[in-house]
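J.: Sequence first, predicted model second:
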Amino acid sequence: MGKALAAALLLGVAAAAGGCAPGAVADAHAKRVVLVNPQEAGPLDVAALARRITHDSGARVSVVDVDVHSAEAARAASQRIVAGHPALVITPSAEMAFALRTETGTIPILFVTFVDPVQTGLVADEHRPRGNVSGFTFHVTIGPKQLELLLRAFPSIRTVGVVGDRALFGSTSFRLLDDAAREPLGVRVVRVHFETAADLERALGQPAVQDVDAWVVPEGGAAYREAAQVVRLIGATGKPAIYGSERFVRLGGLMSYSAAFEDPVQRIAAMARSVLEGYPVGDLPVERPQAFRLAINTTAWSRFSPPPPRSVLMLATDFYADAHP
């Protein structure tokens, strides 16, 4: 275990022993919070969250390492955690949240995830989740806005190719994008399915996509795994494209519209404090990012003639030149 996580564990031990961080109330009977560490790089700074919860509420925080990609390990860890009857469990993993929910319907669970918690069944309703689960998701439905920005930059677009894997085309996000394309935007959508870069190269050579005027490449799945190849292959078509992550623009893609990365520590800590003070976790709305970014690669932008309207450039929050892996 790294030094940061070890420090977080010591904070929990110190609180239990009567010593605690500034602002916390020393209490041998302080409520215990279990914080799952998925043992991989992710959006949540586990050690920082442990310190914040101890500081804000005086809770004893225990950090538990779990291989969340192993269903067996997640199930076993969930059983051990629930057997300890903590006041709250926090996990930066949807898989672990599901495993925990299987073991308990009463212990409050807070998650941090990239998935749509409603579509996956993690919660029944994002505004009032009910049950014993709520949390923070980076998932936001921005496909219609991406399409709107693409049309604003290139008003002559009539057919858009949406590039993604099987999971994308079965998602609520794609359905909303597809609905917006038909009405009110009035463009035709062509699905371009791929799981590997080789799949995409073959798909882009098919007659069905030759009439595509522009591309939408949502973030996630195969597109994220094959980002460099996706940018190369889409760029080779000579058609404009908007991506779902700034990473594609850094790699040379034309433009992206995405949620601004937000450190969820403060929001999850606030939710944790509410739960520890007795507020029902099922009444806490699921939190999402509130800010968005439009990134433009000026080198790619300059290749189009006539150039897109300057008004679109004025909306950009970030600019890149050339490709920077």
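T.: Structure received.
J.: how near is the nearest residue to residue 174 once chain neighbours are set aside to residue 322?
T.: Here the nearest residue to residue 174 in space, its sequence neighbours aside, is residue 168; by C-beta to C-beta, 6 or more residues apart in numbering that works out to 5.6 Å. (Each C-beta comes from the backbone N, C-alpha and C, glycine too.) As judged by C-beta to C-beta, to the nearest Å, residue 168 and residue 322 stand 28 Å apart.
J.: Also residue 172?
T.: Separation of residue 172 from residue 322 (C-beta to C-beta): 36 Å.
J.: do residue 220 as well
T.: Distance from residue 220 to residue 322, by C-beta to C-beta: 25 Å.
J.: Between the two, tell me which one has more neighbours.
T.: Between residue 220 and residue 322, counting by other C-beta atoms under 10 Å, residue 220 is the more crowded of the two (19 against 11).
J.: all strands for the stretch 1-150 of the chain, in order.
T.: Applying DSSP state E, counting those that start in this stretch to the stretch 1-150 of the chain gives strands spanning 32-37, 60-65, 88-91, 109-113, 133-137.
J.: Can you name the residues that contact residue 44?
T.: 92, 112, 264-265, 268 (C-beta atoms under 8 Å, 6 or more residues apart in numbering).
J.: What values do phi and psi take at it?
T.: Dihedral angles of residue 44 (phi, psi; degrees, to the nearest 10) stand at phi -110, psi 130.
J.: Could you report the distance from the closest residue to residue 260 other than its chain neighbours to residue 261?
T.: What sits nearest to residue 260 in space, not counting adjacent residues and going by C-beta to C-beta, 6+ apart, is residue 291, at 4.1 Å. Per C-beta to C-beta, residue 291 is found 9 Å from residue 261.
J.: higher neighbour count, these two?
T.: The neighbour comparison of residue 291 against residue 261 (other C-beta under 10 Å) goes to residue 261, with 13 against 9.
J.: so is that one in a helix, a strand, or just coil?
T.: Secondary structure for residue 261, judged by DSSP: H, G, I helix; E, B strand; the rest coil, is coil.
J.: Distance check, it against residue 69.
T.: With distances taken as C-beta to C-beta, residue 261 is found 23 Å from residue 69.
J.: One more: residue 186?
T.: 43 Å.
J.: quick one, domains of this structure?
T.: Listed by automatic domain parsing, the domain ranges of the chain are 3-138+262-283, 143-260+291-320.
J.: Write the ChimeraX selection for whichever of the contacts of residue 44 are buried.
T.: With 16 or more other C-beta atoms under 10 Å as the criterion, this ChimeraX line picks the buried residues out of these:
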select :92,112,264,265,268
